[in-house]
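> Have a look; sequence and predicted model below, questions after that.
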Amino acid sequence: MSTIVIQAASHHPLATRDPRWVRLSLLVVALAFFALFLLMPLVVVLVEALAKGMSAWLSALHDPEVWSAIQLTLLAVGIAVPVNLLFGLCAAWAIAKFDFPGKTLLITLIDIPFSVSPVVAGLMFVLLFGAQGWLGPWLASHELKVIFAVPGIVLATLFVTLPFIARELIPLMQAQGREEEEAALVLGANGWRTFWHVTLPNVKWGLLYGVILCSARAMGEFGAVSVVSGHIRGMTNTLPLQVEILYNEYQHAAAFAVASLLAVLALFTLVVKTWVEHRAARQISLLREAP
């Protein structure tokens, strides 16, 4: 009976397709959602940022506190992304290519930042490194400051962005299997050469995709950084925190100007992400067409 149904469906392609009105309705709903919740806020930010002219926009970005926020944001991204890149590669390679006790536990630990609120993550660092925290007295005795300082912001950024690269690479490496690495080892290549010439080229697009997502999250992180920063002007405010301060002080033009800078960075990240996806899809199609 099932064979007859399958054959009938193959002779009538419309039997396996939704009606035209259903497809149009879904498309309209998706486009309306995109316009209302994604496109409209972005347009509002850009319009409000330029509402008083380009001179006011440039003046807001030339403020010393804004420049300090830009530099701190870039510093946090510049440290968090390479560290997570190294961790993600090592963790994904170990999980996908080897069997060892605690493998499931390691995967669970990598996913913790996805399940923990960023604010809770910031509070955890305060409890660990704060003045009254577990390590606070020891840090104070050695004149080291983590909370309400740059190290705390970097640690918070590292925590919330930790899973992005590893989670992109783990399923990709697992799908590729171990055959190519084992063949390289049989042919005499050592572990490093195998990784550099076999493993890394196979995951380069997934790796770049993970780096893009990690960078975007690091630039826009607010909750965890807000808890550990102390909001010290010109010292511990990142770009998202600077937007909040300016808006709360009714400096709306300056707040939207700084927010527009984050929006432009997000759009640039989206363009790079789209390019990476296109190149990756093109490479996969070429490999499938190859004899």
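Perfect, thanks for sending it. Numbering: from 1, shown residues only.

> From Arg193, how far off is Leu50?
As judged by CB to CB, to the nearest Å, Leu50 and Arg193 stand 53 Å apart. For the C-beta atoms, the positions are set from N, CA and C on the backbone; glycine is no exception.

> Check Ala30 too.
Distance of Ala30 to Arg193, given as CB to CB: 47 Å.

> Equivalent analysis for Leu262, please.
According to CB to CB, Leu262 and Arg193 sit 42 Å apart.

> neighbour-wise, which of those two wins?
Taking other CB atoms under 10 Å, Leu262 and Arg193 do not tie; Leu262 has more neighbours (18 against 12).

> Name the residues of stretch 58-77 that are buried.
For stretch 58-77, the buried set under the neighbour-count rule, 16 or more other CB atoms under 10 Å, comprises 60-61, 63, 65-66, 68-70, 72-73, 76-77.

> next one: it to chain centre, how far?
21 Å (CA atoms, centre = their mean, to the nearest Å).

> so Val146 sits right up against Leu127, yeah?
No - at 11.8 Å, Val146 and Leu127 do not qualify as touching, with contact defined as CB atoms under 8 Å.

> Name the residue in the two with the higher neighbour count.
Looking at Val146 and Leu127 with other CB under 10 Å, you find the greater number of neighbours at Val146, namely 21 against 14.

> Distance of the more buried one relative to Leu155?
Plainly put, Val146 is 7 Å away from Leu155 if you go by CB to CB.

> How about Phe148?
As defined by CB to CB, Phe148 lies at a distance of 12 Å from Leu155.

> Please enumerate the shared neighbours of these two.
Here Phe148 and Leu155 share the contacting residues Val228, scored by CB atoms under 8 Å, 6 or more residues apart in numbering.

> So the two - more neighbours on which side?
Just comparing Phe148 and Leu155: by other CB under 10 Å the higher neighbour count belongs to Leu155, 23 against 19.

> what residues are shared contacts of Val146 and Leu155?
What both Val146 and Leu155 touch, as defined by CB under 8 Å, 6+ apart, is the set 125, 129, 228.

> could you dump those residues to TSV with neighbour count and secondary structure?
Below are those laid out as TSV (neighbours: other CB atoms under 10 Å; DSSP: H, G, I helix; E, B strand; the rest coil):
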residue	neighbour count	secondary structure
Phe125	21	helix
Phe129	23	helix
Val228	26	helix
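
> what's the closest of those residues to Met54?
Ranking the shared contacts of Val146 and Leu155 by separation from Met54, with CB to CB as the measure, puts Val228 on top at 35.2 Å.

> I figured that closest one hits Gly122, correct?
Yes - because the distance of 5.0 Å satisfies CB under 8 Å, Val228 is recorded as touching Gly122.

> Now for the two: what residues contact both?
Shared contacts of Val228 and Gly122 (CB under 8 Å, 6+ apart): Ala156.

> who's in contact with Phe100?
Residues in contact with Phe100 (CB under 8 Å, 6+ apart) are Ala94.

> give me the low-pLDDT residue ranges for the stretch 101-250 of the chain?
Low-confidence segments of the stretch 101-250 of the chain, defined by pLDDT under 70, are absent.

> Can you give me the separation between Pro19 and Ala216?
Distance from Pro19 to Ala216, counting by CB to CB: 38 Å.

> More neighbours: these two, which one.
Relative neighbour count places Ala216 above the other of Pro19 and Ala216, with 20 against 9, counting by other CB under 10 Å.

> wait, what's in contact with Pro64?
Gly234.

> Angles on the backbone of it, please.
Recorded main-chain torsions at Pro64 are phi -60, psi -40, according to degrees, to the nearest 10.

> And for Ser59?
Comment: the main-chain dihedrals of Ser59 come out as phi -60, psi -40, following degrees, to the nearest 10.

> and if you look at Ala51?
The phi and psi torsions at Ala51 (degrees, to the nearest 10) take the values phi -60, psi -30.

> how about the nearest residue to it, chain neighbours excluded?
Take Ala51 and drop its neighbours on the chain: the residue closest to it by CB to CB, 6 or more residues apart in numbering is Ala253, 6.6 Å away.

> Just list the residues touching that neighbour, thanks.
Contact analysis of Ala253 by CB under 8 Å, 6+ apart lists 48-49, 51-52, 56-57, 60.

> What is the nearest of the residues you listed to Leu36?
Taking CB to CB as the measure, Glu48 is the one of those closest to Leu36, at 17.6 Å.

> Many thanks, have a good one.
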